[in-house]
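Asker: quick one: sequence plus predicted model below, questions after.
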Amino acid sequence: MASEFDLIARFFARPAPAGMLGVGDDCAMFPAPAGMHIATSTDMLIQGRHFFPDVDPHALGHKALAVNLSDLAAMGAMPIGCVLGLALPQADESWLAAFAQGFHELAGAHGCPLIGGDTTRSAHELAISVTVFGAVEPGRALRRDAARAGDQIWVSGALGAADVAYRLLDGQLPADDARLAATRTALERPQPRVALGQALAGLAHAAIDISDGLLQDLGHILRASGAGARLDYAAMPVAAPVQGLPAETVLQAVLGGGDAYELCFTAAPADRGRVLDAAARAGVPVTAIGFIESQPGIVVLDADGLPLRELPRGFDHFPVS
Ligand code: ADP
Ligand code: MG
């Protein structure tokens with residue numbers, strides 16, 4: 001079997017960009033851009049909890065980095081580089097080659113080279129930990145505590161596809177091969193909204209990426225900002241392959257569905273035009289879905305302007321009930 005160092009050299013070491021020290025020393029190093037702050041975030045993916053054991057390794061490599069790039073996007077930060085921790089039950093070389101390729105392809109697409117990490121054998125399930133580093137001007141960062149009453153609430157892309165794919169794969173929805181084929185990419189290869197986040201830096205007020213469901217993640221903005229929200233359910237951008245499912249399934253997928261990795265953000269209503277221009281420059285559609293209110297709590301209004309009574313709960317690793 002290949003040693004740990006062979007595996008790192010073959011699959012993970014890549015020439016570092018000019019000016020950086022990459023894989024091979026005790027630390028990676030990169031210059032801190034003048035006047036900027038370093039934004040950093042870590043996300044773990046554990047087999048059986050965050051992905052199915054038979055998931056395509058190329059897609060898993062993509063997703064492990066995508067969920068972290070999504071955090072940089074939600075801060076309005078520009079990616080600099082990343083490090084990868086791997087705890088492997090075994091060293092399956094064709095699996096590692098595909099995983100690394102999926103990872104490096106997305107890293108290349110977003111200018112976020114892999115510059116270090118740690119590789120170890122695991123007596124348990126596969127665990128992946130990625131840390132990203134980015135740069136943002138401190139006054140322009142999209143913080144969760146920056147929503148103001150009267151702000152418009154926006155969401156990027158379309159919602160619900162990843163949740164429907166997950167429920168199809170998990171057997172919670174009746175088998176439907178056509179719908180699985182149309183939704184699976186959203187679950188397995190989310191596209192982090194990095195360009196949109198940077199285009200919104202200094203323009204939007206608060207932002208978050210939707211990993212646990214729109215209502216739950218928007219709830220983090222509301223708590224941090226000491227505010228509430230009124231949402232218009234009829235305005236929600238529902239992913240095309242989700243339309244046509246039973247109304248409760250669509251509602252759960254759109255308002256409660258995790259793994260979306262779209263951005264939910266707030267901005268002054270007067271900046272509506274600038275938000276649309278920023279989205280056009282980033283090549284991502286955005287939809288206004290409601291307003292921030294001073295009264296705490298979330299109210300979702302139906303097409304008749306009446307509050308929806310049954311709202312889904314987002315995903316919580318440690319539910320209290
Ligand atoms: P140390 O003993 O100093 O922690 P390691 O032997 O763990 O060093 O790692 C050797 C080099 O390989 C380091 O530069 C480390 O950052 C890098 N590295 C280890 N695993 C990975 C990985 N999965 N991806 C990228 N770089 C890695
Ligand atoms: Mg190490």
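Answerer: Nice, I can see it. Ligands and ions are numbered 1, 2, ... in the order given.

Asker: skipping adjacent residues, who's closest to whichever residue of the stretch 201-321 of the chain sits closest to ligand 1 in space?
Answerer: Residue of the stretch 201-321 of the chain nearest ligand 1, by Cβ to the nearest ligand atom: residue 261 (22.4 Å). All C-beta spots, glycine's among them, are computed from the backbone N, C-alpha and C. Nearest non-adjacent residue to residue 261, counting by Cβ to Cβ, 6 or more residues apart in numbering: residue 190, 3.8 Å away.

Asker: try residue 41
Answerer: Using Cβ to Cβ, 6+ apart and skipping the chain neighbours, the partner closest in space to residue 41 is residue 71 (3.9 Å).

Asker: what are the ranges of the helices in this structure?
Answerer: 4-7, 57-75, 93-109, 161-169, 177-188, 194-200, 214-225, 247-251, 272-282 (DSSP state H).

Asker: for residue 144, find the nearest of these.
Answerer: helix 214-225 (4.0 Å; Cβ to Cβ).

Asker: list phi and psi for the residue most central in space within the chain.
Answerer: Nearest residue to the geometric centre of the chain (Cα atoms, centre = their mean): residue 261, 3.2 Å. The phi/psi pair for residue 261 (degrees, to the nearest 10) reads phi 50, psi 30.

Asker: gap between it and residue 187?
Answerer: The gap separating residue 261 from residue 187 is 10 Å, by Cβ to Cβ, to the nearest Å.

Asker: also residue 59?
Answerer: In terms of Cβ to Cβ, residue 59 sits 9 Å off from residue 187.

Asker: who has more neighbours out of these two?
Answerer: Using other Cβ atoms under 10 Å as the criterion, residue 59 and residue 187 rank with residue 187 on top: 27 against 20.

Asker: touching, the more buried one and residue 166? I think so.
Answerer: Yes: taking contacts as Cβ atoms under 8 Å, residue 187 lies within contact range of residue 166: 5.6 Å.

Asker: would you mind listing what in the stretch 51-200 of the chain touches ligand 1?
Answerer: For the stretch 51-200 of the chain, the contact set with ligand 1 under Cβ under 6 Å from any ligand atom comprises 84, 86, 114, 116, 117, 118, 119.

Asker: pull the contacting residues for the third one.
Answerer: With contact taken as Cβ atoms under 8 Å, 6 or more residues apart in numbering, residue 114 is in contact with 12, 14, 22, 23, 81, 82, 83, 84, 103, 104, 107.

Asker: which among the residues you listed gets closest to residue 38?
Answerer: residue 81 (10.5 Å).

Asker: what's around the closest one, how many residues?
Answerer: Neighbourhood size, residue 81 [other Cβ under 10 Å]: 22.

Asker: for residue 111, same thing?
Answerer: By the criterion of other Cβ under 10 Å, residue 111 has 12 neighbours.
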